[in-house]
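Colleague: this one's sequence-less:
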């Protein structure tokens with residue numbers, strides 16, 4: 001995780017524009033006076049929080065101090081770009097003994113392993129060596145394709161069976177000393193959830209929290225009007241609305257392969273790595289949007305579906321009744337597939 005996330009999570013400027021209340025004025029009415037907005041930088045990206053304060057909630061300045069402190073704490077726990085984060089220190093350890101771990105780190109690891117199993121290994125927090133090998137981690141993009149022996153060596157260090165979270169003690173352990181964990185596919189969502197919990201703890205019932213495109217909303221934007229979120233078209237050269245969602249009391253994440261990639265010899269290589277092959281995915285799925293109870297789960301599942309592709313992804317989405325929008329590109333043409341209740345969240349009119 002970069003001070004955040006080394007991978008782009010494609011939703012975006014439109015969500016930030018709509019949610020932060022800047023630009024795209026024709027898509028929304030003026031903000032109500034009572035609504036407050038804070039924004040800043042975290043995890044190598046930006047965050048935006050909008051909410052309707054209560055009589056007893058802290059001032060905007062005090063609230064932002066709390067939010068910034070909370071996000072800094074999460075980053076110092078889970079970033080792979082911060083050499084002194086809890087996760088970085090664990091990654092450096094060359095031991096298979098139990099290692100004490102904080103409650104936040106254990107909570108995220110447990111959720112990651114659960115979704116990893118449910119997604120049949122598509123979501124795998126041990127693929128860090130492969131992500132780095134292909135140049136999507138802290139290192140620069142490669143000028144050549146990794147050698148087969150290097151891919152095989154990185155795959156040998158990966159797998160959901162390489163890490164265990166204890167059920168009886170506050171500890172975690174590797175099953176190979178050189179295991180490297182990467183939480184970039186789940187930590188932003190976790191950060192959104194923690195900020196949402198902070199807002200709820202102050203008695204705030206109507207808010208929108210967004211970090212780098214991962215979103216969680218509660219209540220309504222204005223009176224009985226749901227929060228309106230724009231999903232952008234999966235095109236690398238432009239930013240425009242693909243569809244609009246009307247959301248309350250739910251979380252959303254979108255993952256896409258159309259912005260974070262590199263090209264060698266005319267071939268495009270996606271930032272999403274398939275753990276089973278050790279290579280970037282190539283499954284025609286250019287964008288996937290997931291709705292879930294928490295942003296952490298939506299975040300992880302969006303990554304998982306990007307790996308699974310539309311066919312396997314649809315089967316698993318139906319199995320777990322997950323509202324999902326798949327956008328597939330073939331020969332320059334886009335098609336959609338939706339699962340479960342996703343369609344009911346769509347807002348057809350932009351007025």
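Modeller: Received, thanks. Quick caveat, the model's predicted, so the values are computed rather than measured. Numbering: from 1, shown residues only.
Colleague: Adjacent strands (with direction) for the helix or strand containing residue 326?
Modeller: Taking DSSP states H and E as the criterion, the element that holds residue 326 is strand 324-330. According to DSSP bridges, strand 324-330 has the following sheet partners: strand 285-292 (antiparallel), strand 333-339 (antiparallel).
Colleague: Could you pull up the mean pLDDT of the next helix or strand after the first one?
Modeller: Moving toward the C-terminus from strand 285-292, the next helix or strand (DSSP H and E) is helix 295-319. Across helix 295-319, pLDDT averages out at 96.
Colleague: helices and strands around helix 295-319, which ones?
Modeller: Judged by 3 or more C-beta pairs under 8 Å, 6 or more residues apart in numbering; DSSP states H and E, helix 295-319 is in contact with helix 103-118, helix 187-201, strand 214-218, strand 250-256, strand 285-292, strand 324-330, strand 333-339. For glycine as for every other residue, the C-beta is placed from the backbone atoms N, C-alpha and C.
Colleague: Pull the distance from it to the chain's centre.
Modeller: The chain centre lies 12 Å from the centre of helix 295-319; the measure is C-alpha atoms, centre = their mean, to the nearest Å.
Colleague: for that helix, which positions count as buried?
Modeller: 295-310, 312-314, 316-317 (16 or more other C-beta atoms under 10 Å).
Colleague: before we move on, what about stretch 118-127?
Modeller: Quick answer for stretch 118-127 (16+ other C-beta under 10 Å): 118, 119, 121, 122, 123, 124, 125, 126, 127.
Colleague: Restricted to helices, list those.
Modeller: Judged by DSSP state H, the buried residues of stretch 118-127 include residue 118 as members of helices.
Colleague: would a markdown table of the buried residues of stretch 118-127 with distance to residue 190 and pLDDT be doable?
Modeller: Converted to a markdown table, the buried residues of stretch 118-127 look like this (distance: C-beta to C-beta, whole Å; pLDDT from 0 to 100):
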| residue | distance to residue 190 | pLDDT |
| --- | --- | --- |
| 118 | 17 | 98 |
| 119 | 17 | 97 |
| 121 | 21 | 96 |
| 122 | 19 | 96 |
| 123 | 14 | 97 |
| 124 | 17 | 97 |
| 125 | 12 | 96 |
| 126 | 18 | 95 |
| 127 | 18 | 91 |
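Colleague: Go through the buried residues of stretch 118-127 and name the one nearest residue 65.
Modeller: Nearest to residue 65 among those, counting by C-beta to C-beta, is residue 125 at 31.0 Å.
Colleague: any low-confidence regions in the stretch 51-200 of the chain?
Modeller: Flagging of the stretch 51-200 of the chain using pLDDT under 70 yields the residue ranges 137-143.
Colleague: now the stretch 251-351 of the chain
Modeller: Using pLDDT under 70, the flagged stretches of the stretch 251-351 of the chain are 257-270, 348-351.
Colleague: Was I right to think residue 172 contacts residue 109?
Modeller: Yes: Residue 172 lies in contact with residue 109 (C-beta atoms under 8 Å); the separation is 6.3 Å.
Colleague: could you dump the buried residues of stretch 118-127 to a markdown table with distance to residue 87?
Modeller: Output for those, formatted as a markdown table (distance: C-beta to C-beta, whole Å):
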| residue | distance to residue 87 |
| --- | --- |
| 118 | 23 |
| 119 | 21 |
| 121 | 21 |
| 122 | 21 |
| 123 | 17 |
| 124 | 16 |
| 125 | 10 |
| 126 | 12 |
| 127 | 14 |
